[in-house]
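# Below are the sequence and a predicted model; questions follow.
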Amino acid sequence: MTERMIETRGIRLCTESFGSPNDPPLLLVMGAVSSMKWWPDPLVERLVGAGRFVIRYDHRDTGRSTTQPPGPPRYTVDDLADDLIAVMDGYDLPRAHVVGMSLGGMLSQIVALKAPERVRSLTLIAAQFLGDMGFEPPPLSPALLAHFATMATLDWSHEAAVLDFMVEAGRLNSSERRPYDAALARRVAAGEFKRSLDIQSMMNHSSLTGGERWYNRTHELRAPLLVIHGALDPVVPHVHGEALSRAVAGARLVTLENAGHELHGADWPVIAEAIVAHTRLTR
């Protein structure tokens, strides 16, 4: 693994790369309130082993990237999408395969719409359909809403309390039909706590605005599209994955039958195989 700091528009983005730069580049874009470390290393290793040059990075306000004090962010969804392009520029990549999860899926869609020449292929994991589906999708679970309400009284300087909060958030995002690996989640969260410039600032993402001009334009996507979605996702319900795959001609939907809003270890082989096959077809 090689770490590289990329400077763009007055900020710094912390990135990591794996594998050979001579292989097809594959950029991993994580969701909100999460650094790049939530991309599981074994999943990254599978992609590298299949001959992909894998890059992941910390969003603003996460990990070791530029961080502002806790509060409403001084940037928008569109700025985060431009950060994705800046990472590609920092690695001198005219084009790359882009894989986005959750908010990362939204950012990946925006980049594929605003700079289609930069995206070789698009993979969206647990991603939101940007537009009107003709009905209201199910709301967030009361348990999730109640958990995030506890942020108001959380002592962000108290490591054990913060880890408890993050581990429980992961459990509530996951499927109840599978055992939740709380020990793994705690290890990742502990690493997150130690390396973050300001762990509380990651919650700035919860006040993000912008991106509305890209809504109801999914049908304009031209990059070959793979959609991967958990059947039991409690955050971005599976209907979003169905809508995404219907909106783009030739799109493929892979449903993870027992998965929630997560990258569960049981699904790593399926996810890696699907991404490798998709990017092989679109080299």
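Yes, it's here. Quantities reported herein were computed from a predicted structural model and do not represent experimental measurements.

# Pull the number of nearby residues for the closest residue to A182 other than its chain neighbours.
Leaving aside its chain neighbours, A182 sits nearest to V167 (5.5 Å; criterion: C-beta to C-beta, 6 or more residues apart in numbering). From N, CA and C alone the C-beta is placed, and that goes for glycine too. V167 has 21 neighbours, counted by other C-beta atoms under 10 Å.

# Need the residues that contact the particular helix or strand that has V167 in it.
When elements are assigned from DSSP states H and E, V167 belongs to helix 159-173. With contact meaning C-beta atoms under 8 Å, 6 or more residues apart in numbering, helix 159-173 is reached by 141, 143-144, 147-148, 150-151, 154-156, 180, 182, 185-186, 189-190, 192-193, 199, 234-235, 260-262.

# and that helix, what's its mean pLDDT?
Averaged over helix 159-173, pLDDT sits at 97.

# Report all helices and strands that the lowest-mean-pLDDT helix or strand in the chain contacts.
Using mean pLDDT, DSSP states H and E, helix 142-149 stands out as the lowest-scoring helix or strand of the chain, at a mean of 88. Under the contact definition 3 or more C-beta pairs under 8 Å, 6 or more residues apart in numbering; DSSP states H and E, helix 142-149 sits against helix 159-173.

# Going by neighbour count, which residues of the helix it packs on are buried?
Within helix 159-173, the residues scored as buried using 16 or more other C-beta atoms under 10 Å are V162, L163, F165, M166, V167, E168, A169, G170, R171, L172, N173.

# With respect to V99, which of these is nearest?
Of all the buried residues of helix 159-173, the one with the least separation from V99 (C-beta to C-beta) is N173, at 18.5 Å.

# Nearest residue to the closest one in space, please, no chain neighbours.
H261 (4.3 Å).

# What count of nearby residues applies to the residue nearest to I199 when sequence neighbours are not counted?
Nearest non-adjacent residue to I199, counting by C-beta to C-beta, 6+ apart: F193, 5.5 Å away. Residues near F193, counting by other C-beta under 10 Å, number 15.

# Provide the contact partners of the host helix or strand of F193 at residue level.
Secondary structure assigned from DSSP H and E places F193 in helix 182-195. The contact list for helix 182-195 (C-beta under 8 Å, 6+ apart) reads 35, 37-38, 63-64, 159, 162-163, 166-167, 170-171, 199, 265.

# Just put the residues you listed in CSV and tack on distance to A277.
As requested, the contacts of helix 182-195 are exported to CSV (distance: C-beta to C-beta, whole Å):
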residue, distance to A277
S35, 28
K37, 26
W38, 24
G63, 30
R64, 33
E159, 41
V162, 38
L163, 36
M166, 33
V167, 33
G170, 28
R171, 31
I199, 37
G265, 20
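
# any weak-confidence spans in the chain?
Along the chain, segments meeting pLDDT under 70 span 282-283.

# if you set the cut-off to 80 instead, what comes out?
Counting by pLDDT under 80, the chain contains low-confidence ranges at 135-138, 281-283.

# Can you show me the strands along it?
Secondary structure of the chain, counting by DSSP state E: strands at 2-8, 11-18, 25-29, 53-57, 96-101, 119-125, 225-230, 252-256.

# Could you export those strands as a markdown table, including mean neighbour count and distance to P72?
A markdown table is the format used below for the strands of the chain (neighbours: other C-beta atoms under 10 Å; distance: least, C-beta to C-beta, whole Å):
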| stretch | mean neighbour count | distance to P72 |
| --- | --- | --- |
| strand 2-8 | 13 | 21 |
| strand 11-18 | 20 | 17 |
| strand 25-29 | 27 | 22 |
| strand 53-57 | 25 | 23 |
| strand 96-101 | 27 | 24 |
| strand 119-125 | 27 | 27 |
| strand 225-230 | 26 | 30 |
| strand 252-256 | 18 | 34 |
